[in-house]
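1. Sharing a model prediction with you, sequence too.
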Amino acid sequence: MFEYSQRIKNLPPYLFAEIDRKKREKLSQGVDLIDLGVGDPDMPTPKPIVDAMKKAVEKPEHHKYPSYEGMLSFRQAVANWYKRRFDVELDPASEVVTLIGSKEGIAHFPLAFINPGDIVLCPDPAYPVYKIGTLFAGGEPYLLPLKEENGFLPDFKSVPKDVLKRAKIMWVNYPNNPTSATATVDFYRELVQWARENNIIVASDLAYSEIYFGENRPVSILQVEGAMDVAIEFHSLSKTFNMTGWRLGMAVGNKNLVAGLGKVKTNVDSGQFQAIQEAGITALSLPEEEVQNIRNTYKERRQAMEKALQEVGLEVYKSDATFYLWVKVPKGYSSAEFVSRLLDECGIVCTPGNGFGEHGEGYFRISLTVPTQRLLEAVDRIKKLKL
Ligand SMILES: *Cc1c(COP(=O)(O)O)cnc(C)c1O
């Protein structure tokens with residue numbers, strides 16, 4: 001038969017195959033599984049957004065090809081939102097591009113700036129797309145381990161000189177998936193200074209900026225002076241407004257970086273359906289209470305689950321952001337072994353940390369994205385666990 005390309009053959013192995021097999025086996029035995037494995041919000045998209053979509057879909061002007069870079073009105077709504085939320089000024093025409101979900105932009109971005117042999121600095125553990133986008137562009141991922149003793153922040157100053165010389169992009173993602181760690185303005189200030197000195201693009205993934213529970217709201221790298229010279233930020237309506245199925249995101253920041261991504265997109269897609277962008281404008285201008293309700297639900301779930309895990313002696317990384325819990329596996333277990341035990345004894349599916357990269361070994365991730373009733377059932381099952 002036809003052989004796959006080298007780029008497909010080079011993809012990292014799929015580490016969830018064993019868990020998927022076990023999950024299917026349990027389901028076929030009639031086990032009442034609770035799946036805390038996937039990071040996909042269970043709550044519906046807020047009604048005003050759905051209503052805006054219903055109206056927008058009727059308009060014939062939206063039935064044509066959209067503009068490549070996105071509707072100016074949506075990009076203006078993004079700029080207004082960034083101003084309101086982060087006090088960051090963006091020119092909608094040149095510093096914002098609409099994405100078909102941020103995954104699309106994250107995967108395509110290296111194609112605009114990476115030549116074969118260039119290095120991309122990727123965190124580990126991480127969302128897999130940073131590494132895969134790098135490989136597809138012919139670049140070399142260089143892994144920066146995220147360690148608990150550093151608050152799961154990368155030690156970018158330790159990157160060797162010869163690597164730095166070949167490095168062109170560095171990925172950061174805070175609030176972080178999978179560790180739930182957050183970053184401060186001071187971290188970004190140092191990162192931007194270092195990136196300017198070493199001529200490195202900083203690509204920030206801010207997908208979880210609105211999933212927070214503490215006093216201090218997550219920050220954008222673009223709040224830092226000088227960031228506009230070196231940074232591009234990827235954001236999305238997926239997690240903030242329960243819109244993962246809609247596929248709507250944005251990249252903002254340095255003009256040259258935004259334009260480079262735009263050049264790739266012009267050649268591979270034709271933009272997002274304008275009716276979706278129009279509904280996106282409604283989302284970005286929703287009253288804050290709408291998003292606060294979503295946060296309150298996650299907060300309640302987080303507290304219940306954290307308490308249950310602590311009661312059985314499991315150690316949860318302390319964080320007040322994201323809908324994930326990053327939990328240490330007990331001594332004597334690998335991530336895969338312990339996740340297997342949770343599946344066998346509790347009927348609960350979690351993600352082993354090594355699925356996000358080798359430095360995720362020793363942890364597992366719990367997603368709080370199931371209805372509260374089911375989550376409380378999972379809490380009860382975990383409380384009965386004998387470690
Ligand atoms: C969910 C997620 C995204 C957003 O994905 P969309 O394509 O916008 O739905 C981006 N980065 C991370 C780390 C995520 O977990």
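-> Happy to help now that I have it.
2. pLDDT at Lys22, what is it?
-> Here, the pLDDT recorded for Lys22 equals 87.
3. so what's the backbone phi/psi at it?
-> Backbone torsions for Lys22, taken as degrees, to the nearest 10, come to phi -60, psi -40.
4. any idea how far Val312 is from it?
-> Between Lys22 and Val312 the computed distance is 21 Å (C-beta to C-beta, to the nearest Å). Every residue, glycine included, has its C-beta placed from N, CA and C.
5. The closest residue to Leu90 other than its chain neighbours: how many residues sit nearby?
-> For Leu90, ignoring the flanking residues on the chain, the nearest one in space by C-beta to C-beta, 6 or more residues apart in numbering is Ala79 at 4.2 Å. A count of nearby residues for Ala79, using other C-beta atoms under 10 Å, gives 21.
6. can you tell me which helix or strand Ala79 belongs to?
-> helix 72-86 (DSSP states H and E).
7. Would you mind listing the buried residues in that helix?
-> Phe74, Arg75, Gln76, Ala77, Val78, Ala79, Trp81, Tyr82, Arg85, Phe86 (16 or more other C-beta atoms under 10 Å).
8. touching the ligand at all, it?
-> No: if you take C-beta under 6 Å from any ligand atom as the test, helix 72-86 misses the ligand, and the best it gets is 13.4 Å.
9. what comes into contact with that helix?
-> 69, 88-93, 95-98, 209, 219-220, 222-223, 235, 250, 252, 277-278, 280-281, 284-285 (C-beta atoms under 8 Å, 6 or more residues apart in numbering).
10. mind running it again at 6 Å?
-> Helix 72-86 has contacts (C-beta atoms under 6 Å, 6 or more residues apart in numbering) with Val88, Leu90, Pro92, Val96, Thr98, Ser220, Gln223, Met250, Gln277, Gly280, Ile281, Leu284.
11. Let's see which of those end up in strands.
-> Val96, Thr98, Met250 (DSSP state E).
12. Please list only the buried members of these.
-> Buried among the ones in strands among the contacts of helix 72-86 (16+ other C-beta under 10 Å): Val96, Thr98, Met250.
13. The residues you listed into TSV, with extra columns for distance to Phe241 and pLDDT?
-> Formatted as TSV, these follow (distance: C-beta to C-beta, whole Å; pLDDT from 0 to 100):
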residue	distance to Phe241	pLDDT
Val96	18	98
Thr98	15	98
Met250	13	98
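14. Pick the one among the buried residues of helix 72-86 closest to the ligand.
-> In terms of C-beta to the nearest ligand atom, no member of the buried residues of helix 72-86 lies closer to the ligand than Val78, at 13.4 Å.
15. will you turn the contacts of helix 72-86 into JSON lines that also has distance to the ligand?
-> Formatted as JSON lines, the contacts of helix 72-86 follow (distance: C-beta to the nearest ligand atom, whole Å):
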{"residue": "Val88", "distance to the ligand": "19"}
{"residue": "Leu90", "distance to the ligand": "18"}
{"residue": "Pro92", "distance to the ligand": "19"}
{"residue": "Val96", "distance to the ligand": "15"}
{"residue": "Thr98", "distance to the ligand": "12"}
{"residue": "Ser220", "distance to the ligand": "15"}
{"residue": "Gln223", "distance to the ligand": "19"}
{"residue": "Met250", "distance to the ligand": "9"}
{"residue": "Gln277", "distance to the ligand": "14"}
{"residue": "Gly280", "distance to the ligand": "12"}
{"residue": "Ile281", "distance to the ligand": "17"}
{"residue": "Leu284", "distance to the ligand": "14"}
